[in-house]
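> Sequence first, predicted model second:
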Amino acid sequence: MISVRCPHCHVGLKVDEGKLPPGISSFKCPKCKQSIPISILREQKHAYSGSDTTLVQPLKTGMGRLTVLADGDTPEQLLPLHEGITIIGRKSAASNATLGIATNDRSMSREHIRIEVKKDAKGGYKHYLSDNNSRNHTLYNSSFLEKGEVVVLNDNDEIVIGRTVIRFNE
Ligand SMILES: [Zn+2]
């Protein structure tokens, strides 16, 4: 836990560094709602220890990421997601996927799944998974997705495309 002062409104803030999502460069002050750069946590001049501190939480920018688990056909790969629609499948010159997975798993279609990331009312993100008319369909937490079915992803969900296992994390 790191105590800092907001550079904008000077309120004391407690930040749990372990809960910061990887890769973010700033977070919002819970009091004045202005953006505070992450680098402030490493600058001693803003260090502050007073009793009137506000706990910063949850620092959920909430953008999810996928981890492709390694097996005989596929090395482990980390796929960050972005707001909007991402099509994911086997990497190939003939693929129109937004995110290609380097794999020898031929049972994975080149444009296998679709994930749409949308902002929710609380300022976080929701991740909607659907099968993208793949040849061999998509397993979501051990059940096949129906044609047209859309599910909201939760932390540690498992997606299987072809023989390849992908884990979703928030
Ligand atoms: Zn502030």
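Arrived safely, thanks for sending. Residues are numbered from 1 along each chain as shown.
> per-domain residue ranges of the chain.
Domain ranges of the chain: 2-56, 65-169, per automatic domain parsing.
> which residue is nearest the centroid of the chain?
G64 (1.3 Å; Cα atoms, centre = their mean).
> Tell me where the model's unsure across the chain.
Along the chain, segments meeting pLDDT under 70 span 44-62.
> How about the residues of it by the ion?
Contact residues (Cβ under 5 Å from the ion) of the chain with the ion: 6, 8-9, 29, 31-32. Bear in mind the C-beta positions are built from the backbone N, C-alpha and C, glycine included.
> Of the residues you listed, keep whichever come out buried.
Buried by 16 or more other Cβ atoms under 10 Å: 6, 29, out of these.
> Of the residues of the chain next to the ion, which belong to helices?
Judged by DSSP state H, the subset of those located in helices is empty.
> Take the residues of the chain next to the ion and lay them out in a markdown table including distance to I159.
Shown next, in a markdown table, are the residues of the chain next to the ion (distance: Cβ to Cβ, whole Å):
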| residue | distance to I159 |
| --- | --- |
| C6 | 39 |
| H8 | 41 |
| C9 | 42 |
| C29 | 36 |
| K31 | 39 |
| C32 | 39 |
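> before we move on, back to that, among the domains of the chain, show me which one is buried the most.
domain 65-169 (a mean of 16; mean count of other Cβ atoms under 10 Å).
> what's the first-to-last distance across it?
The straight-line separation of the ends of domain 65-169 (Cα to Cα, to the nearest Å) is 5 Å.
> roughly how far out does it sit from the chain middle?
Relative to its parent chain, domain 65-169 has a centroid offset of 12 Å by Cα atoms, centre = their mean, to the nearest Å.
> Greatest separation within the residues of the chain next to the ion: which pair is it?
Spanning the widest gap among these are H8 and K31, at 8.7 Å by Cβ to Cβ.
> The residue nearest to the centre of the chain contacts Y128, doesn't it?
No - at 10.8 Å, G64 does not count as touching Y128 under the criterion of Cβ atoms under 8 Å.
> what touches both of these two?
Residues touching both G64 and Y128 by Cβ atoms under 8 Å, 6 or more residues apart in numbering: 117, 153.
> about what we covered before: distance of the residue nearest to the centre of the chain relative to S109?
Here G64 is placed at a distance of 21 Å from S109 (Cβ to Cβ, to the nearest Å).
> now L78
Taking Cβ to Cβ as the measure, L78 and S109 are separated by 21 Å.
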